[in-house]
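Enquirer: Sequence plus the predicted model coming up.
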Amino acid sequence: MSTIVRANFFNIDLPKKPLYQYDVEFIPDGKNEPIADGKSSRVKRRLFELVETAPAFKNLVPDQTTIAHDFSKTIISIKKLDMPQNKKVLDIQFYYPGETPGPKSKTYKISIQYIRTIDSDEFLKYCAGDNMGYDSSIIIRALNIILAKFPSSGLTPNKKIVNFGQSRFFIIETQPDDLGSGLVAYRGYYSSVRPTFGKILCNINVCTAAFFKPQNLGVMINEVFGGRGGNPKGGIGYKSINGLRVSTTYLGKPKIHTLKGIGGSAEEEKFFWDKEKKTVSVAYYYSKEYNMTLRNPLWRCGFYFLQDNKKAFIPAELCTIVEGQIFTSFLTGDQTSAMLQIACRSPKTNAELITNEGLAILGHTGNNQILNKFGMNVSRTMEVISARVLGPPSVSYKGKTQRIQENTASWNLRGVQFPQGGNLKNWAVLVIKDGDRADFGGPDEILPITDQFVMMCRSCGITVSDNKPRALQPCKLTPLNFQQDPMREQAERELRQRLDAICNTPAKPGASKTPNFLLVMLSNDNKNVYNHLRTLVDCHYGIPTVCCQSEKIRKEKGQLQYLGNIALKANLKLGGRNHEVGGGALSFLGKDTMVLGGDVTHPTSKVSVKYTPSIAAVVASFENTYSLYPGSLRLQKSRQEMIQYLDEQVAERLKFYVARNPSKKLPQRIVYFRDGVSDSQYAQLNEKELPLIRKACAIASNNDPKYNPKITIIVCGKRHHTRFYPTNDKLTDNKGNSAPGTVVDRGVTTVANLDFYLQAHVGLQGTARSAHYFVTHDELGFTANTLQELVHNMSYLFARATKAVSYAPPAYYADILCERGRCYIQGLLAGRSKDSSSDAPSTRSGGGGGGADKVAQRKAKAEAEEKAVMEEARKTWENGPRPEVSGVMFFM
């Protein structure tokens, strides 16, 4: 069914004159090398500000509205600058606002070099489809720099704006929304240039991010770290302090310091004071040097490094956190809930914010002298685009087809049985007691619940060979102690003991010593306990396991639905299949195709131990309903997005396919859904991962030259800012979003590639986000319609839900499997190495420079550290999931 939607894209009129690009290098006095890209962004920003006020630069550029820059390395000018040999060098004395430059101020040589002339005519030909070899990234970057100058230069009237890169601009509110534990939320706007067929558009969206709360540092430390000691109780960790800017006024004027960490209290921290020739405390030093008696001498200190690598301490009570500093690590559960409440807006509200506030914040309302000088204009109305709504497939169960209600993309389990039920036998129950009020008592409380679980399994079509669990094992955990055992290592030992006891419980004759299935009653949602449990059952014992919350499973209201959800997961882990899509919905795949899903998850910056490995997951179908996707996991080089051992992982999946597919043959076609890849990495998939898939085919076929399956690679993207707003009230869900099944393949898609946006699901809250599908390589000969129908129908195959999901299940499964892999190395990911106290404040290593020998030494040290961290990860990982679980979807 055809429809019309609005999209958060705005037409751009390009400059008719050429643009000139210049690169800028900042060379510190006495050094030969410039500041590296990506380093010292705050220093570079200030240097750009100083350059703009320098008389020599003003002579070069009399009208500052004729240039734009990225505060890092690039200047874009509407006029060619008058520089001999296309180069100019300036000397700049460095100082921050509020400081006075003096003889000791650092100086920099600023080198400005002409790079290229950028003409929009070739870009327009590219958008018309006539010049597909053209590299559009250069002019797109230049246009983004021009568009970013207005909001990033403080020109927005009556608003203080802080930018991050050239695409995100946040409004610093005087009364921001509080997220708790030292963080607040600021609303902002995302802006980025996107070429499409026949047009150049600006994608603008509302965004919300967490920032450090501008408050006294000591107050934050007490709230988050528990005063004098303790571990973080909020999303802020010790490593989050590295790079935090604070302001002090005890010298009579404001001064900004960049902290490297947190030390002990002002009474505890001591150093040798040359003035009095003795070791003194920080509190004593401030009392004598500045005639200050600290109000809170037991509060902790922040520190930074001096040039001789010694720590300089500042009492936290004297520091105020500078506003506008973004927080880039994970939030706590409570903070995430608060953020969702703040950031989730209805589609109508979202669209109105963009047009009523966002355009003005970004300077697109006509009063932007910079855009006027550059000859650019941004439309004030959203693009209107043709779309269509695909109908849902039929969802099949054993002898019955479920009806999907209009515009809901969902159904229920009432009165149906799984098309293939597993077998519940030789099973056990582990009841974890962690001091929660919902903890179960004795067997008399638990057995009625397990009986209801068995009844639900039987009613859903699972064969129940053993009505009662062979073992019902309670596990009372030692109470949480942040100081002594923050990662709950004692709980891991106690879980191991109880699991050993279960395995030592006599089984029926002929049954394995290890249970075939384990039902776990969790006391609460403690992540450390859960991660320890998952590591043990997956990697050490090899027991397919389903976890449930004691509080939810014993509550009468909603109990049947909760038990039904548990049965969905249990059937997958017992080797069953939950539902199918029928009516030829997957006919294109036939019976000789293997569908792959791949994803990589990375350690978190400022949280994880340095060199913590990334985790790669690959899942694959093996039967002809394309409902089941067991998977393979690997550790790989830290923060590497391309899957390092894809050949091994795909070869495992191909061998499994041969063993379990009715044909007992290798697939003739492979469709690979890849999650988590950015636009700039599309080419790398074809260059690096495609050859590894071909290598896997050679491995699985014992190098049979005749085996050469056709391969298609499709990227699934959810981390984009494209939003669609319906114009037909009949084609919406109950929250005002577009109807499930809405497909957009024109107007805002790429110029000449096979790509489209599909919203297959009903959004739970806020404005629904479509998945973006982009084909990087296609040997199967997909048409746009065929691929869109296939992906939409597959969205109804997610095994643990009775609704369509937001993106293709193979990619979704790979993402979930990656998350399971994170359980196995939770210590390293949380910043805790068993070989060192990694969550404590870091210390500075030796300074830069020093010649080739020192460079070699640093490289060797880094390689040794990386190797040690990988070895620690492999130790806790063991050999990954055991064969007893890896043949089923154990991660669901």
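Expert: Happy to help now that I have it. Numbering: from 1, shown residues only.

Enquirer: From here on, just use CA atoms for contacts and neighbour counts.
Expert: Fine.

Enquirer: Contacts only, for residue 132.
Expert: Contacts for residue 132 (CA atoms under 8 Å, 6 or more residues apart in numbering) come out as residue 126.

Enquirer: And for stretch 704-711, what's in contact with it?
Expert: So stretch 704-711 is in contact with 667-672, 694, 697-698, 701, 777-780, going by CA under 8 Å, 6+ apart.

Enquirer: ok, and for it, which residues are buried?
Expert: Neighbour counts using 16 or more other CA atoms under 10 Å place 707, 709, 710, 711 of stretch 704-711 among the buried residues.

Enquirer: Out of these, name the ones that lie in strands.
Expert: In this view, the buried residues of stretch 704-711 that belong to strands under DSSP state E are 710, 711.

Enquirer: what does the average pLDDT come to for stretch 704-716?
Expert: In this model, stretch 704-716 carries a mean pLDDT of 98.

Enquirer: Figure out the length between the terminal residues of it.
Expert: This stretch, stretch 704-716, spans 32 Å end to end (CA to CA, to the nearest Å).

Enquirer: now swap in stretch 533-548 and tell me
Expert: End-to-end span of stretch 533-548 (CA to CA): 13 Å.

Enquirer: Find out how far that stretch is from the centre of the chain, if you would.
Expert: 25 Å (CA atoms, centre = their mean, to the nearest Å).

Enquirer: Residues contacting that stretch, please?
Expert: Taking CA under 8 Å, 6+ apart as the rule, stretch 533-548 contacts 492, 495-496, 514-522, 566, 569-570, 573-574, 820, 823-824, 877-885, 890.

Enquirer: So which of these sit within helices?
Expert: In helices, judged by DSSP state H, the following of the contacts of stretch 533-548 are found: 492, 495-496, 566, 569-570, 573, 820, 823-824, 877, 883-885.

Enquirer: just these now: which is nearest residue 465?
Expert: residue 570 (14.3 Å; CA to CA).

Enquirer: Which residue is the nearest non-sequential neighbour of that closest one?
Expert: residue 546 (6.3 Å; CA to CA, 6 or more residues apart in numbering).

Enquirer: still on that earlier bit, just the buried residues of the contacts of stretch 533-548.
Expert: 492, 495-496, 514-522, 566, 569-570, 573-574, 820, 823-824, 877, 880-882, 884-885, 890.

Enquirer: for residue 618, what are its contacts?
Expert: By CA under 8 Å, 6+ apart, the contact set of residue 618 is 596, 597, 598, 599, 631, 632, 633, 646, 649, 650, 814.

Enquirer: Surely the first one is in a strand?
Expert: Yes - using DSSP: H, G, I helix; E, B strand; the rest coil, the secondary structure at residue 596 is a strand.

Enquirer: which residues does it contact?
Expert: Per CA under 8 Å, 6+ apart, neighbours of residue 596: 618, 619, 620, 621, 670, 671, 672, 673, 810, 811.

Enquirer: and if you look at the fifth one?
Expert: Residue 631 makes contact with 617, 618, 619, 620, 653, 814, 817, 886, 887, 889, according to CA under 8 Å, 6+ apart.

Enquirer: To what extent is residue 160 buried, counted in neighbours?
Expert: Residue 160 is flanked by 19 other residues according to other CA atoms under 10 Å.

Enquirer: pLDDT below threshold where in this structure?
Expert: Residues of the chain that meet the criterion pLDDT under 70 lie in 38-39, 227-234, 835-851.

Enquirer: again, only using 50
Expert: Applying pLDDT under 50 to the chain flags the ranges 228-229, 837-849.

Enquirer: residue boundaries of the helices in the stretch 751-892 of the chain?
Expert: In the stretch 751-892 of the chain, the helices defined using DSSP state H, counting those that start in this stretch lie at 784-794, 809-824, 826-829, 851-877, 883-886.

Enquirer: scratch that, the stretch 451-600 of the chain
Expert: According to DSSP H, counting those that start in this stretch, the helices that the stretch 451-600 of the chain contains are 489-504, 527-535, 550-553, 559-573.

Enquirer: Packing partners of the first one?
Expert: Which is helix 489-504. On a contact count with 3 or more CA pairs under 8 Å, 6 or more residues apart in numbering; DSSP states H and E, helix 489-504 meets strand 471-476, helix 527-535.

Enquirer: In TSV, list those along with mean neighbour count and distance to residue 64.
Expert: Putting the helices and strands packed on helix 489-504 into TSV (neighbours: other CA atoms under 10 Å; distance: least, CA to CA, whole Å) gives the following:
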stretch	mean neighbour count	distance to residue 64
strand 471-476	19	69
helix 527-535	20	53
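
Enquirer: between these, which gets nearest to residue 267?
Expert: Ranking the helices and strands packed on helix 489-504 by proximity to residue 267 (CA to CA) places helix 527-535 first, at 34.2 Å.

Enquirer: Other residues contacting stretch 24-31?
Expert: Here stretch 24-31 makes contact (CA under 8 Å, 6+ apart) with 33-35, 44, 72-75, 106-113.

Enquirer: ugh, wrong one, stretch 143-152
Expert: Applying CA under 8 Å, 6+ apart, the contact partners of stretch 143-152 are 67-70, 76, 156, 161-163, 166-167, 169, 192-193, 361-363, 368, 370-371.

Enquirer: So which of the residues you listed sit within helices?
Expert: Going by DSSP H, the helices hold 361, 362, 370, 371 from the contacts of stretch 143-152.

Enquirer: Out of those, the closest to residue 287 would be?
Expert: residue 361 (46.6 Å).

Enquirer: Quickly note the distance from the closest one to residue 767.
Expert: Counting by CA to CA, the gap from residue 361 to residue 767 is 21 Å.

Enquirer: now do residue 364
Expert: Distance from residue 364 to residue 767, by CA to CA: 23 Å.

Enquirer: and the two? which has more neighbours close in?
Expert: Neighbour count, other CA under 10 Å: between residue 364 and residue 767, residue 767 has more, with 24 against 20.

Enquirer: Quick check, the more buried one in contact with residue 349.
Expert: No - between residue 767 and residue 349 there is no contact under CA atoms under 8 Å: 9.1 Å.

Enquirer: picking that back up, distance to residue 276 added to the helices of the stretch 751-892 of the chain, as TSV?
Expert: Formatted as TSV, the helices of the stretch 751-892 of the chain follow (distance: least, CA to CA, whole Å):
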stretch	distance to residue 276
helix 784-794	75
helix 809-824	52
helix 826-829	44
helix 851-877	36
helix 883-886	67
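
Enquirer: Of the ones you listed, which is nearest residue 658?
Expert: helix 883-886 (15.7 Å).

Enquirer: For that closest one, what is the distance to the chain centroid?
Expert: 28 Å.

Enquirer: now what about it, what contacts it?
Expert: 538, 542, 543, 544, 573, 630, 631, 632.

Enquirer: Tell me which stretches of the stretch 201-350 of the chain form strands.
Expert: Ranges of strands in the stretch 201-350 of the chain, per DSSP state E, counting those that start in this stretch, are 245-248, 255-258, 261-265, 270-273, 278-281, 300-305, 311-315, 320-321.
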